[in-house]
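Visitor: Need a 3D model of the following:
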Amino acid sequence: MAERKPERVVCLDDGFAVNDQLKVNAVRILKTGNIVFKTV
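Guide: Next up, the predicted model:
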């Protein structure tokens, strides 16, 4: 997803299935590409 260089990414929090490490990794990857990341 980060390779497509969107301006922002919005995901459902439930999509991470209470896997905090997966969410942290997503935030780090997207942040390096200056992509806004939000969960709802």
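Visitor: how near is the most centrally placed residue in the chain to Phe16?
Guide: Taking C-alpha atoms, centre = their mean as the criterion, Ala26 is the residue nearest the geometric centre of the chain, at 4.1 Å. Per C-beta to C-beta, to the nearest Å, Ala26 is found 8 Å from Phe16. For every residue, glycine as well, the C-beta is placed using N, CA and C.
Visitor: Distance check, the residue nearest to the centre of the chain against Asp20.
Guide: 11 Å.
Visitor: Next, count neighbours for Phe37.
Guide: 19 (other C-beta atoms under 10 Å).
Visitor: Tell me the secondary structure of it, please.
Guide: strand (DSSP: H, G, I helix; E, B strand; the rest coil).
Visitor: what's the nearest residue to it if we skip its chain neighbours?
Guide: Of all residues not flanking Phe37 in the chain, Leu30 sits nearest, at 4.5 Å (C-beta to C-beta, 6 or more residues apart in numbering).
Visitor: now Leu22
Guide: Per C-beta to C-beta, 6+ apart, closest to Leu22 is Phe16, 5.2 Å.
Visitor: residues contacting that neighbour?
Guide: Leu22, Lys23, Ala26, Thr39 (C-beta atoms under 8 Å, 6 or more residues apart in numbering).
Visitor: any weak-confidence spans in this protein?
Guide: For the chain, no stretch is flagged by pLDDT under 70.
Visitor: quick one, strands of it?
Guide: Here the chain has its strands, by DSSP state E, at 8-11, 36-39.
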